[in-house]
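Participant: Output the structure for:
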Amino acid sequence: MDLEGVIRSHPIKKDSWKTVLTLAYQSLGVVYGDLSTSPLYVYKSTFAEDIQHSETNEEIYGVLSFVFWTLTLIPLVKYVFIVLRADDNGEGGTFALYSLLCRHARVSSLPNRQLADQELSEYTKDGIGSNTSSFSGSTLKSTLEKHRVLQKVLLVLALIGTCMVIGDGVLTPALSVFSAVSGLELSMSKEQHRYVELPVACVILIFLFAIQHYGTHRVGFLFAPIVITWLFCISAIGLYNIFHWNPHVYQALSPYYMYKFLKKTQRGGWMSLGGILLCITGSEAMFADLGHFSQLSIQIAFTSVVYPSLILAYMGQAAYLSKHHVLESNYRIGFYVSVPEILRWPVLAIAILAAVVGSQAVITGTFSIIKQCSSLGCFPRVKIVHTSSKIHGQIYIPEINWTLMLLCLAVTVGFRDTKRMGNASGLAVITVMLVTTCLMSLVIVLCWHKSIFVAICFIFFFGSIEALYFSASLIKFREGAWVPVALSFIFLLVMYVWHYGTLKKYESDVQNKVSINWLLGLGPTLGIVRVRGIGLIHTELVSGIPAIFSHFVTNLPAFHQVVVFLCVKSVPVPHVRPEERFLVGRVGPKEYRLYRCIARYGYHDVHKDDMEFEKDLVRSVAEFIRSERPGCQVRLEGFESDECMTVVGTSSSNIAGIRLAEDGDFSGTASTSEMREIRSPERVRKRVRFVVPESPKIDRETQEELQELMEAREAGMAFILGHSYVRAKSGSSLMKRIVINIGYDFLRRNFRGPSYALSIPHASTLEVGMVYHV
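Facilitator: Residues are numbered from 1 along each chain as shown. As a prediction, this is how the structure comes out:
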């Protein structure tokens, strides 16, 4: 599906207050579902084993003080007022920060980079290239660009954050749903509850993952009302508990109670921070889902609705517990004990719905970040289904969905309690936040051009808070926290092996590409018969002639009259504008009829349907022929530099350029600017014509070249794909042989090929095996 027109006509950020408030309302259902359900399990996880609720109330007051200041400093101060400003042209998330750094310093891991990419509108929108950077910023930039080791560390850091987000996609649904269902324990005996809680949670989880392929837009209109109802419930119950049980609980908001708490509980209090940490789970979603909303809408929703509701909910639970010290040991301290008995069943139903909504947001975020990784060459190719024709960010990845479901069920059945699930989820959440803090400190210096002292203050203040929570989570490694570490290690291994293999394969392509002198020595006919038609050769190279082409020329007696070297590449920006989609140039002299077309996509872009893409591809070559600059002569060295390539947009973005009409597109009157209409009396054939603008006038040579391209399009298009087998060179180290011969080869065989190869007609496809020794 082509969503370029939708994206262009519906910009992400608008200024009207009506739009901002509408986005703020919608963000409550998409962004804050996970964060708003945290009161279900925070107190229960905190008081699980490490500390006990005593008559003095020092523990409960200390926990409330920690929750208040953690919610204030991390989601409110760090994310809402600082991190949200570090958007990548409206997009957020770990990879958006990494992409932002890649554009301000040459640290990108993408192999086929070009200077022409830096001229993209999205690339330069945030003031890249300004000379206002400080001396310390320039020093940091040059240090990063010089040392490959630092670039790899930066990539691994971004990948660790990404892997922990994927781990959170496994743990959050299990924790949220299981905690919501645990409210049944107050309505039945312990024996009954043991046999009901787990099956109910598993059924809900299976249902949640089974409906993913419908897309969130089909039930999305229900999300915001559910979360608003849930926030109203917990804040109203919180107010009731405050006024009914302990109106003076607000005194516990003083930081002094944190000191008293740690002084009394010592090591147990420090370990309990792993449970307190869960109050900010879901905060990263504010930044990760920024592309669907706007900074102002997310800020308004959090500061005016979510933050006050959560504070009231936690204060209400603390007020209730401060007057109830002897609780039945079977039920421990949980959210539902503070709910008035008459409201427990309705609140239980709303809690389950809110948990499903929160889990939905995390799962969708996981799909989104895996698409980003795949676009930037850091994850094997997977099938991406766009579930909405209006909202460009809503996607569904079947393989990842069912993998998440199996892992989620395994965690639920294996742990069966919120304590170990909470330990696991807490470590995943705090690791992502630490990675964001580290990347943000670099953004402050390299992108915002602030003093390095400001960056040090940022990383010291927020990093020390998060490091404290990280240490408390890590100490519970054997009590559940090993799960996100194990999941992240597996995903990190997959990502790094794929990235390493892809990089080595590209380097081999560059080393084996054919020189222009060889091409010129063959002459315009290439030493073979040129038959009608277009030969589309897919390659990763953005310059030079791929080795696969020399195999054809030397082994086949004939080849197509028009040859296009097509490179579909990703650039480190969220979106490439349709009018800047293609970069078209000529390979060799004009009479050779060899062209290069580079289709550029951002990491959030939607790839078009193949038939529409073919039309745009042919039209872009025709537009290049029409508008080619006469002063751009082909040279033997650097014969296709970026300066000799022309930026051409898609048909929907370039109304004034050449239009391509095929078969049923011939309605309307024929103008004098039409080239011609090909008719074949022998057999039915696709009819093609170019509609050329009246001005500027084109010369006869250009007309002949366009006519030849038209005839070639009518004759048909053949797709030449390289089927690569990558092997380690003889003499390579044992580790490299394992990574390339086993790891990369396994991923290549078991994951999908390039997305553009999935729906190409098999009758028009020629696949050639190539062995790469890297």
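Participant: Spatially central residue in the protein, please.
Facilitator: Centroid check for the chain by CA atoms, centre = their mean gives Ile369 as the closest residue, at 2.7 Å.
Participant: Sheet-wise, list the partners of the longest strand seen in the chain with their directions.
Facilitator: As assigned by DSSP state E, the longest strand anywhere in the chain is strand 558-570. Applying DSSP bridges to the sheet, strand 558-570 is found paired with strand 529-538 (parallel), strand 594-601 (parallel).
Participant: who does whatever helix or strand comes next after that strand pair up with?
Facilitator: Once the chain leaves strand 558-570, the next helix or strand it forms, by DSSP states H and E, is strand 582-586. Partners of strand 582-586 in the sheet, by DSSP bridges, are strand 594-601 (antiparallel), strand 646-648 (antiparallel).
Participant: most tightly surrounded among those strands?
Facilitator: Compared across the strands paired with strand 582-586, strand 594-601 shows the largest average neighbour count, a mean of 22 (mean count of other CB atoms under 10 Å). C-beta coordinates here come from the backbone N, C-alpha and C atoms, glycine included.
Participant: what does the average pLDDT come to for that one?
Facilitator: Throughout strand 594-601, pLDDT has a mean value of 89.
Participant: quick revisit: right, so of the strands paired with strand 582-586, which gets closest to Gly533?
Facilitator: Nearest to Gly533, of all those, is strand 594-601, at 14.1 Å by CB to CB.
Participant: pull the CA atoms of the closest one into PDB?
Facilitator: Provided in PDB are the C-alpha atoms of strand 594-601 (Å, rounded to 0.1, in the frame of the first residue of the first chain):
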ATOM      1  CA  LEU A 594      22.700   1.700 -18.700                       C
ATOM      2  CA  TYR A 595      21.200   3.500 -15.800                       C
ATOM      3  CA  ARG A 596      21.400   3.500 -12.000                       C
ATOM      4  CA  CYS A 597      18.400   4.100  -9.900                       C
ATOM      5  CA  ILE A 598      18.700   4.400  -6.100                       C
ATOM      6  CA  ALA A 599      15.400   4.300  -4.200                       C
ATOM      7  CA  ARG A 600      15.900   5.800  -0.800                       C
ATOM      8  CA  TYR A 601      13.600   5.000   2.200                       C
END
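Participant: which other residues reach it?
Facilitator: 114, 117, 120, 375, 519, 542-543, 562-571, 576, 580-588, 607, 613, 617, 620-621, 624, 640, 645 (CB atoms under 8 Å, 6 or more residues apart in numbering).
Participant: One more pass at 7 Å, please.
Facilitator: 375, 542, 563-571, 576, 581-588, 607, 617, 620-621, 640 (CB atoms under 7 Å, 6 or more residues apart in numbering).
Participant: still on that earlier bit, quick one: closest of the strands paired with strand 558-570 to Ala288.
Facilitator: Closest approach to Ala288 among those is made by strand 594-601 (20.2 Å; CB to CB).
Participant: ok, back up a step: just the buried positions in the longest strand of the chain, please.
Facilitator: Going by neighbour count (16 or more other CB atoms under 10 Å), the buried part of strand 558-570 is 559-570.
Participant: Identify the residues contacting Gln26.
Facilitator: By CB under 7 Å, 6+ apart, Gln26 lies in contact with Ala224.
Participant: Quick check, pLDDT for it.
Facilitator: For Gln26, the predicted pLDDT is 82.
Participant: could you give the mean pLDDT of the helix or strand harbouring Phe209?
Facilitator: Assessed by DSSP H and E, Phe209 sits inside helix 190-210. In this model, helix 190-210 carries a mean pLDDT of 83.
Participant: Would you mind listing the buried residues in the next helix or strand after it?
Facilitator: Using DSSP H and E, the helix or strand that directly follows helix 190-210 along the chain is helix 220-245. Of the residues in helix 220-245, 220, 223-224, 226-228, 230-231, 233-235, 237-238, 240-242, 245 count as buried by neighbour count, 16+ other CB under 10 Å.
Participant: for stretch 288-301, same thing?
Facilitator: For stretch 288-301, by 16+ other CB under 10 Å, it's 288-301.
Participant: so how far is that stretch from its chain's centroid?
Facilitator: Taking CA atoms, centre = their mean, to the nearest Å, one finds the center of stretch 288-301 at 16 Å from the center of the full chain.
Participant: Quick one: mean pLDDT over that stretch.
Facilitator: pLDDT averaged over stretch 288-301 gives 84.
Participant: ok, residues contacting it?
Facilitator: Contacts of stretch 288-301 (CB under 7 Å, 6+ apart): 12-13, 20, 23-24, 27-28, 30-32, 80, 84-85, 87, 90-93, 286, 365, 393, 574, 604.
Participant: what does stretch 370-385 give?
Facilitator: Counting by CB under 7 Å, 6+ apart, 95, 110, 159, 162, 395-400, 494-495, 498-499, 502, 570, 601, 603, 747, 751-755 sit against stretch 370-385.
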